[in-house]
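> turn this into a structure:
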Amino acid sequence: MRKSDSLIFEISKTQLVVIFVYYFLMLLIGGVLLITTLCELSEDMIKKQIIIKTVISSLSASGMLCSLQYIKRLYKACITNRIVQNSTFAGSIGNLVYFISRPFFAFAFVVIMIYALLSGMFGVTGCLDYIINEKFLYLCVILSSFIGYSVGRVLDKFENISKEQIIKSE
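This next block holds a predicted model:
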């Protein structure tokens, strides 16, 4: 049993509905943006357009998969009676912020991932002329999907790596 399967969330009924609506809207908007971007791809796009479409598509994919993950987490919590409605104000707000902010963590990691990919490819090739194309967009969207779906694990991984580095530097 994973740690997330035993968490108890302090959320009111209204907050629960707001969070579900928020995630479904994010899922819908992300899907529309991804489909629109895919339909607008053409071979005669300049690099700037490809980068813009890559960022939009990557953020959309990340938001969509993050929404799927947290919709799943919420409905599992509802089904297994892990939602507490008689909660403290701090607990209630903390849980609300937890759910609302998760996609934004995913978005931040996606932007860093795009920079990391570009810098790595630039370091290998010395030039991004052959890198910035539709294939780069597809790669970023796929990786962004994984980041969005597993943003909680990505956060935990970065925390563990940071702790290890701090301990090593002491």
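> how distant is the longest helix anywhere in the chain from the center of its chain?
Longest helix in the chain, counting residues (DSSP state H): helix 89-125. The chain centre lies 6 Å from the centre of helix 89-125; the measure is C-alpha atoms, centre = their mean, to the nearest Å.
> show me what that helix is packed up against.
strand 9-10, helix 13-40, helix 47-79, helix 134-149, helix 151-169 (3 or more C-beta pairs under 8 Å, 6 or more residues apart in numbering; DSSP states H and E). C-beta here means a position set from N, CA and C on the backbone, and glycine is covered the same way.
> just put these in a markdown table and tack on mean neighbour count and mean pLDDT.
Below are the helices and strands packed on helix 89-125 laid out as a markdown table (neighbours: other C-beta atoms under 10 Å; pLDDT from 0 to 100):
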| stretch | mean neighbour count | mean pLDDT |
| --- | --- | --- |
| strand 9-10 | 21 | 88 |
| helix 13-40 | 15 | 94 |
| helix 47-79 | 20 | 94 |
| helix 134-149 | 20 | 93 |
| helix 151-169 | 12 | 84 |
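> could I get those as JSON lines with distance to Pro103?
As requested, those are exported to JSON lines (distance: least, C-beta to C-beta, whole Å):
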{"stretch": "strand 9-10", "distance to Pro103": "17"}
{"stretch": "helix 13-40", "distance to Pro103": "6"}
{"stretch": "helix 47-79", "distance to Pro103": "5"}
{"stretch": "helix 134-149", "distance to Pro103": "7"}
{"stretch": "helix 151-169", "distance to Pro103": "8"}
